[in-house]
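Visitor: okay, predicted coordinates and the sequence, questions at the end:
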Amino acid sequence: MSDAKAGAVYDEIDARILANSIKPLVTDEIIQEHKRNPIGFHSDALERVLIYLRRNRLKTAGKYVIVCTKPHQEWRIATLSGVRGVGPKIDESSRFTSREEAEHGVFLKRLADLGLI
Amino acid sequence: MEIVGYCDKLSVFPGERIKFMVSVDGHADYEVEIVRLIHGDTNPAGPGFKEQPIKTALAGKYPARKQEIDAGSYGLVPDDGALQNLESFALQAMIWPTTPLKGAQGIITKWDGAQSLGYALVIDAAGCAALWLGDGSGKIEKVSSSKPLLAGCWYFVTASLQKGRVVVSQEPLVSSTSGRCAMLSPADAAPTKVEKAVTIGPVGANGRPLLIAGWVNGTAGERLKVGGKYNGKIDRPRLARFPLERDAMDRPKPVELIAGWDFADGISRNGIPSRAFTDLSFNALHGKLVNQPTRAMTGYNWTSKEQNFIHAPEQYGAIHFHDDDVHDAGWDTDFELTVPQGLKSGIYAARIRAGDEEDYIPFYVRPVRGSESRVAFLAPAASYMAYANDHLTTNSSVAQLMIARNPVMQRQDLFLATHREYGLSTYDTHSDGSGVAYSSRLRPILNMRPKYRHWLSPSLWQFNADLHLVDWLTEKGYDFDVITDQDLNFEGVDLLRPYKVVLTGSHPEYYSGAMLDALGSYQRGGGRFMYMGANGFYWIIAYHPTDPNIIEVRKENGSQAWKAQPGERHLSFTGEYGTLWRHRGRAPQKIAGTGFVAEGFDISSYYRRKPDSFDPRAAFIFEGIAGDELIGNFGLVGGGAAGLELDIYDAELGTPPHALLLASSEKHTDIYLEVLEEMYFNAPGVSGTQSARVRGDIVYYTTPNGGAVFSVSSIAFCGSLSHNNYNNNCSRMIQNVLNRFISDEPLPPLV
């Protein structure tokens, strides 16, 4: 029972949040901070940016996840379909040797998708 | 995954038989070995994976075959002469469709979809009520109302054939309480009626059963292949001799019916313990439900004055069917094990391997009665079932916010993402958005496996995480038995009575009243209880009274993945009020001294000792641990012993007044937030770096007749036990407590 009108209003307000509250926080400092420590305690600026990115406008379609392709050895980024029964699409060009690296890989990809880097 | 399986029993005694069902794709054969599971964490930073092969006659190669699951619930009424060769009849029901535009769906059908043969009231591909007729001479009639139904609104639908005339009508039933909207536009609110003269022979002699919420597409062996699975509620389905007026739908005269089913029949003071449904006609064409659709659902006439279906059965005549309900995969058996006599109680699995692929099918071996150890690990199997095959990584829009990480999907998750027919967890919503109230173990449960790393945890969760404790008990040389929730639910305190000490798993979250009663009796009778996790004794569940393989929960007023709809908070299996035990006066603090306060899933932290830990009566707990030591600032679950979910000492919620608050965790991130049921308003300042209530409390108290309770209050805790080759302060503390609890030496009572 999705509602297109409510969705459009949400997206419009969310775009304003992105422009006014999130974009100014994206700096080299927080990107470096995330690279050093992708999971755990973060500065307020980094945490706000991460919360925005992880919410993905409350949409699962197009959202990134990590897939472990070799236990304890290899991780890749995948994109959720948003459709039940259609599995995540694994980005074969992405390849990381730690979960933390993959986490940072997703962070950079999300920033790039939104034109923030 | 190319190989998966399940077994028919969870918990067995030596000498009992257990059946295994396996599906293999792409291999001619597979290998079986029975193993004892010790440690399931493959993390190179820990002790590594540990299993012990058990010699049985079963070991060896087996021919492979693929088996499939037919998900989706429906009602089945066996074929009968009264349902055949009909020339005049009316199919009628009150319906509340939730996905009317998802493709054609059966409401009441005696329809062979492969041959277009029989009669059927359906929602057609355009989302409209329709009548389908096929008489076997090649003549097929499909008459549609031509007006799409609105999702979440009740309709009175009628599809009749009388003297060569078809009438299809749909009338919205709008009330202030029972549907999605309290008013519709004049166009939407107007009833619709379409009439058409047809020339068609008698219909219904198609050799198929009558189905409610689907139709028959064929058979596979003895099993029906069912298509047209319906999403939504059906109330008062009728196959009448002529169209009944709306008022007559409630109490039709038997003589007016060829058949007419009353889904409220069978509601008793103890809920709806049956899967049967009753025909009101003289033909007695009773039916049975397949794949456990949701019962105790508000009907079209629900007024909201009653919240419990057992008080107003006439307002709960609806069943909610879903196209992804699964109760029993129903696979054929591939091999059977007679549990060897003398096999030590523990957690075992059938390890099945095909090529490079493998799966483990876990089961529990109980001790022979009368020869129990002094210590029992009580495996929270109901909680494993609640999380069975969850789909939150792919479906939840808040999962990544809650864990403050990207979920890491494993091969099992990828398989489930493309095999929705393996069924859902009680953390999921059905394809129509409604919450999943039941979970069955009669299907492969791929997240209840050794080696599996769960997205919600930084590493392990539930079944595999609990092997951390099993490994520690094993490495430390304790003689212990393994018993399960399921045994506790059906056998009560008798199960626990032989044990000096009972240890829980890391997250015994889902509890039935019978299980809580048994723990309470054990504690009052002098039993010693070690709560080795957090967020336990939280959701109210019921096992089906005669089927130990399925549980029910109704979520609301807690920290939840979905919310029960108004009027639907009571458990259909028992009639009890659902939601959280704390809302029924049984907060977890009354069982364990601590209860759920906060959660976050990024990193874990440590505990610091508090003044009560220096009480001489607690000295035995901290023997060998310095006063200023940080406890558990290490571990395999998030890097610390205090993490994921945390429980707090709370006198108001029932922590006994004489309990000692020994240690508390600190330094949690802002991902850790106080849980919803702890709040009055959403005020800021409830996160880890801001709130001193975001903490796990280690609590100890004595209980009557020489008993005691010791609670660690963190899900991550057991992941720290193996650190530094099992030589660390968490391990030391648990060893101190367990050794003392095992001994017959009385504990100095706290007053």
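Guide: Yes, it's here. Residues are numbered from 1 along each chain as shown, chains lettered A, B, ... in the order given.
Visitor: what's the average pLDDT for stretch B:160-176?
Guide: For stretch B:160-176, mean pLDDT rounds to 97.
Visitor: counting neighbours, which bits of it end up buried?
Guide: For stretch B:160-176, burial by neighbour count (16 or more other Cβ atoms under 10 Å in any protein chain shown) applies to B:160, B:161, B:166, B:167, B:168, B:169, B:170, B:171, B:172, B:173, B:174. In this view, the C-beta of every residue, glycine as well, is placed from N, C-alpha and C.
Visitor: got a list of what the residue nearest to residue B:144 when sequence neighbours are not counted touches?
Guide: Taking Cβ to Cβ, 6 or more residues apart in numbering or on different chains, and ignoring the residues beside it in sequence, residue B:144 has residue B:130 as its nearest neighbour in space, at 4.1 Å. Contacts for residue B:130 (Cβ atoms under 8 Å, 6 or more residues apart in numbering or on different chains) come out as B:121, B:122, B:123, B:124, B:142, B:143, B:144, B:145, B:159, B:168.
Visitor: can you do 7 Å?
Guide: B:122, B:124, B:142, B:143, B:144, B:145, B:168 (Cβ atoms under 7 Å, 6 or more residues apart in numbering or on different chains).
Visitor: isn't residue B:646 right up against residue B:713?
Guide: Yes. Using Cβ atoms under 7 Å, residue B:646 is in contact with residue B:713, at 6.2 Å.
Visitor: joint contacts of the two?
Guide: Joint contacts of residue B:646 and residue B:713 (Cβ under 7 Å, 6+ apart) are B:534, B:696.
Visitor: before we move on, the earlier item: what helix or strand is the residue nearest to residue B:144 on?
Guide: Using DSSP states H and E, residue B:130 maps to strand B:129-134.
Visitor: same question for that strand, mean pLDDT?
Guide: 98.
Visitor: please pull up the helix or strand immediately following it.
Guide: Using DSSP H and E, the first helix or strand after strand B:129-134 is strand B:140-144.
Visitor: so what does that next one touch, helix or strand wise?
Guide: strand B:129-134, strand B:165-172, strand B:192-197 (3 or more Cβ pairs under 7 Å, 6 or more residues apart in numbering or on different chains; DSSP states H and E).
Visitor: give me the pLDDT for residue 19.
Guide: Chain wasn't specified; assuming chain A. Reported pLDDT for residue A:19: 98.
Visitor: oops, I was thinking of chain B
Guide: 98.
Visitor: these two touch, right, it and residue B:6?
Guide: No. Assessed by Cβ under 7 Å, residue B:19 is found out of contact with residue B:6, at 9.5 Å.
Visitor: more neighbours: which of the two?
Guide: residue B:6 (27 against 15; other Cβ atoms under 10 Å in any protein chain shown).
Visitor: so that one makes contact with residue B:23?
Guide: No. Taking contacts as Cβ under 7 Å, residue B:6 lies outside contact range of residue B:23: 9.4 Å.
Visitor: okay, the most centrally placed residue in chain B: pLDDT?
Guide: Geometric centre of chain B, nearest residue: residue B:439, 2.9 Å, by Cα atoms, centre = their mean. Confidence at residue B:439, expressed as pLDDT, is 98.
Visitor: hang on, it in a helix?
Guide: No. Residue B:439 sits outside any helix when classified using DSSP: H, G, I helix; E, B strand; the rest coil, being strand.
Visitor: which residues does it bridge with?
Guide: For residue B:439, the beta-bridge partners under DSSP bridges are residue B:551.
Visitor: which pair of the buried residues of stretch B:160-176 spans the longest distance?
Guide: For those, the maximum inter-member distance is 28.3 Å, found between B:161 and B:174 (Cβ to Cβ).
Visitor: now do the strands in chain A.
Guide: Remark: strands assigned in chain A by DSSP state E are A:64-70, A:74-79, A:89-90.
Visitor: who in chain B is up against chain A?
Guide: Within chain B, the positions lying close to chain A (Cβ under 7 Å from any Cβ of the partner chain) are B:42-44, B:151-152, B:393-395, B:397, B:400-401, B:405-410, B:414, B:417-418, B:420, B:431, B:433, B:602-603, B:669-670.
Visitor: near whatever residue of the stretch 651-751 of chain B ends up closest to chain A, how many other residues are there?
Guide: Here the residue of the stretch 651-751 of chain B nearest chain A is residue B:669; by Cβ to the nearest Cβ that distance is 5.5 Å. For residue B:669, the tally of surrounding residues (other Cβ under 10 Å) stands at 22.
Visitor: the closest residue to it other than its chain neighbours and residue A:44, how far apart?
Guide: Leaving aside its chain neighbours, residue B:669 sits nearest to residue B:688 (5.0 Å; criterion: Cβ to Cβ, 6+ apart). Using Cβ to Cβ, to the nearest Å, residue B:688 is found at 13 Å from residue A:44.
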